[in-house]
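Undergrad: I would like to see how this sequence folds:
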Amino acid sequence: MRQVDAVIARRLSSSVPLIGEVSHYIISAGGKRLRPALLLLVAGALEYRGEQHFNLAAVVEFIHTATLLHDDVVDESTMRRGKPTANESFGNAASVLVGDFLHSRAFQMMVDADSMRVMQILSETTNIIAEGEVQQLINTHNVDLDEAGYLSVIRSKTAKLFEASARLAAVLTEAPAELEEACANYGRSLGTAFQVIDDALDYDGDTTVMGKNIGDDLREGKVTLPLIIAMQRASADDRQMIVSAIEQGSTPHMAHIVQVVKDTGSLQATRAAAALQAQEAIDCLALLPSNAYTQALTTLASQLLDRRE
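TA: Here you go, the predicted structure:
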């Protein structure tokens, strides 16, 4: 990861000072670096001996960071990881344009891999992420969104970059097709579990640890799995209260809705859904060599369920 951070620092350079300022602001904001770490772990598990994985790990972090910059503008977010968002600090225009810079810089760096397969994976990934973002926008305030529709969005918007990170490592090692698919499936299931847990934390997390407020998703009109399950299980009155909150995107009854989500067992059901995805990820590792990196990938999936931020 130190090598990846060195690549990130080097490739953030620009003759335009504001680009460097905004980029460094968000990249140094305390992110988990989970996607680049995933790429490095899978490369290690498959016994990769080159150095291109450092470059591609930085690429996936740049793509992720670009989507965060754009997301916060779309969602009108003011806080991320306990700090003001880039759009809050520098304005919407700067955030969008620096996000564009990070995307284009990522594509410059992809060329360094000198692999059409790498280009194919990452170009497809960025396109699917964009589709997921648009679909999520369409689903805003949609009280009829079901679990299948919800999962479709998060597999595009969030899990796809996890999938690509794991697949890229397999491509670098020239792994056979079956092994490449196992790695990609691990990443997709891990990314899905990650997002499902993230959505549970929006109703059950520690505000001081998460760096955002409980119920932010509901305030933005986002229908996530805890709400979907709560609407299925709640009384008619409580369901109508949740429906009104989703449609309006704000509510004076936030505390009561959070309590309904808890009382209906929606959080336990959501965590159970995440656990299934995490186990699917672990099952995908059966084809990988048995070594410390593969064990770390197993631990990563199992400990994901315990995250509080």
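Undergrad: packing partners for the longest helix seen in the chain?
TA: As assigned by DSSP state H, the longest helix anywhere in the chain is helix 177-204. If you count contacts as 3 or more C-beta pairs under 8 Å, 6 or more residues apart in numbering; DSSP states H and E, helix 177-204 packs onto helix 34-45, helix 147-154, helix 160-172, helix 216-219, helix 225-233, helix 254-263, helix 266-284, helix 292-303. Every C-beta, even on glycine, is put in place using the N, C-alpha and C of the backbone.
Undergrad: what's the angle from the first one to helix 292-303?
TA: Just to be clear, that refers to helix 34-45. With axes from the mean of the first three to the mean of the last three C-alpha atoms, to 10 degrees as the basis, helix 34-45 and helix 292-303 are set at 140 degrees to each other.
Undergrad: which of the residues in the longest helix of the chain are buried?
TA: Buried residues in helix 177-204, counting neighbours by 16 or more other C-beta atoms under 10 Å, are found at 179-180, 182-204.
Undergrad: what's the answer for stretch 227-237, then?
TA: Buried-residue list, stretch 227-237, by 16+ other C-beta under 10 Å: Leu227, Ile228, Ile229, Ala230, Met231, Arg233, Ala234.
Undergrad: same check on stretch 291-298?
TA: Result for stretch 291-298 [16+ other C-beta under 10 Å]: buried residues Tyr293, Thr294, Leu297, Thr298.
Undergrad: redo those as TSV? Include pLDDT.
TA: Shown next, in TSV, are the buried residues of stretch 291-298 (pLDDT from 0 to 100):
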residue	pLDDT
Tyr293	98
Thr294	98
Leu297	98
Thr298	98
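Undergrad: which one of those sits closest to Gly221?
TA: Of all the buried residues of stretch 291-298, Gly221 sits closest to Leu297, with 35.4 Å by C-beta to C-beta.
Undergrad: so the closest one touches Val42, yeah?
TA: Yes: between Leu297 and Val42 there is a contact under C-beta atoms under 8 Å: 7.0 Å.
Undergrad: which neighbours do those two share?
TA: Tyr186 (C-beta atoms under 8 Å, 6 or more residues apart in numbering).
Undergrad: roughly how far does the nearest residue to Pro289 once chain neighbours are set aside sit from Leu285?
TA: In this structure, Pro289 finds its nearest non-sequential neighbour in Ala45, 6.3 Å apart by C-beta to C-beta, 6 or more residues apart in numbering. Distance, Ala45 to Leu285, by C-beta to C-beta, to the nearest Å: 8 Å.
Undergrad: okay, and the helix or strand of this structure with the least pLDDT?
TA: Across the helices and strands of the chain, mean pLDDT, DSSP states H and E gives its lowest value to helix 207-210, namely a mean of 50.
Undergrad: mean confidence score for the longest helix of the chain?
TA: The average of the pLDDT scores along helix 177-204 is 96.
Undergrad: where along the stretch 1-150 of the chain do the helices fall?
TA: With DSSP state H, counting those that start in this stretch as the criterion, the stretch 1-150 of the chain has helices at 2-11, 17-27, 34-45, 52-75, 86-90, 92-111, 116-139, 147-154.
Undergrad: as CSV, the buried residues of stretch 291-298 with distance to Ile246 would be great.
TA: Shown next, in CSV, are those (distance: C-beta to C-beta, whole Å):
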residue, distance to Ile246
Tyr293, 42
Thr294, 42
Leu297, 37
Thr298, 37
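Undergrad: show me where pLDDT drops low in the stretch 201-309 of the chain?
TA: 205-213, 308-309 (pLDDT under 70).
Undergrad: which phi and psi values does Gly221 adopt?
TA: phi 80, psi 20 (degrees, to the nearest 10).
Undergrad: begin at 47, not 1, for the rest of this chat.
TA: Right, with 47 as the first residue, what we last looked at is Gly267.
Undergrad: can you report how many residues neighbour it?
TA: The number of residues packed near Gly267 is 19, by other C-beta atoms under 10 Å.
Undergrad: which residues touch it?
TA: Each residue near Gly267 by C-beta under 8 Å, 6+ apart is listed here: Thr186, His187, Ile292, Glu293, Gly295.
Undergrad: where does pLDDT dip in the stretch 97-246 of the chain?
TA: In the stretch 97-246 of the chain (pLDDT under 70), no residue qualifies.
Undergrad: so Ile243 sits right up against Ala319, yeah?
TA: No: with contact defined as C-beta under 8 Å, Ile243 does not count as touching Ala319 (9.5 Å).
Undergrad: now stretch 111-131: how far from the chain's centre is it?
TA: The chain centroid and the centroid of stretch 111-131 are separated by 13 Å under C-alpha atoms, centre = their mean, to the nearest Å.
Undergrad: how long is stretch 187-206 from one end to the other?
TA: 24 Å (C-alpha to C-alpha, to the nearest Å).
Undergrad: ok so, going back, more neighbours: Ala91 and Leu331, which one.
TA: Comparing Ala91 with Leu331 by other C-beta under 10 Å, the one with more neighbours is Ala91, at 25 against 20.
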